[in-house]
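In: prediction below, plus the sequence it came from.
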Amino acid sequence: MTGTADETVTDVELPRTWRPFGPRIAAVGFGTFLVLAFGWLWISFDDQTRADVSGLQKATVIGFVLLGLALLNGMARSRITATEDGLVVVNGYRKRTLVWAQVVRVSMTVGAPWPTFDLDDGTTLSGMGIHGSDGARAKAALRELRALVDAR
């Protein structure tokens, strides 16, 4: 995308949502692996070993697997949505709604995992919905997002 911010904004239809591709694929892959690995491990035990495992031990392992799945789900559900009113930033299980006037600047330094929003109150907010590991896809998303912020 070339041109001024105003020209670029006309290319972006609102609402527009950006989601990380690589982390979502990793979450699905690791989650599947986690469930299959523990399932295979349980099935591979002989009957005596399975009988020796207490209910508390089973609950602990199941709890850790569920915790791992919850963390992976939090990573996969991250997103940034631009609407006419502002931005909705979801990082894991935390959702933050910003009006356009609150967002001063969007930056993403080389090697940074995700962009940072500089807010009008002097604070910053990370946006995990655009992930640096996505390469060109992340750069295009960042250009679109910057153009929308600059235009407002």
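Out: Received the coordinates, thanks. Numbering: from 1, shown residues only.

In: mind giving me the domain ranges of this structure?
Out: By the assignment in automatic domain parsing, the chain contains the domains 5-19+78-151, 24-75.

In: ranking the ones you listed by mean pLDDT, which is last?
Out: Between the domains of the chain, the one with the least mean pLDDT is domain 5-19+78-151; it has a mean of 92.

In: quick one: that one to chain centroid distance?
Out: Averaged C-alpha coordinates place domain 5-19+78-151 at 12 Å from its chain's average position (C-alpha atoms, centre = their mean, to the nearest Å).

In: on the three-state scheme, residue 50 is what?
Out: helix (DSSP: H, G, I helix; E, B strand; the rest coil).

In: surely it meets residue 42?
Out: Yes. With contact defined as C-beta atoms under 8 Å, residue 50 reaches residue 42; the gap is 7.2 Å. C-beta coordinates here come from the backbone N, C-alpha and C atoms, glycine included.

In: about what we covered before: okay, the domains of the chain, which one's buried deepest?
Out: Among these, domain 5-19+78-151 has the highest mean neighbour count (mean count of other C-beta atoms under 10 Å), at a mean of 16.

In: the helix or strand containing residue 65 packs against which elements?
Out: Following DSSP states H and E, one finds residue 65 within helix 55-76. The contact analysis (3 or more C-beta pairs under 8 Å, 6 or more residues apart in numbering; DSSP states H and E) places helix 55-76 against helix 21-44.

In: next up, the contacts around the spatially closest residue to residue 28 that is not a sequence neighbour.
Out: In space, and not counting its chain neighbours, residue 28 is closest to residue 76: 7.1 Å by C-beta to C-beta, 6 or more residues apart in numbering. By C-beta atoms under 8 Å, 6 or more residues apart in numbering, the contact set of residue 76 is 23-24, 27-28.

In: give me the contacts around stretch 123-142.
Out: By C-beta under 8 Å, 6+ apart, stretch 123-142 touches 1, 17-23, 75, 78-81, 89-92, 96, 98, 106, 108, 111-119, 145.
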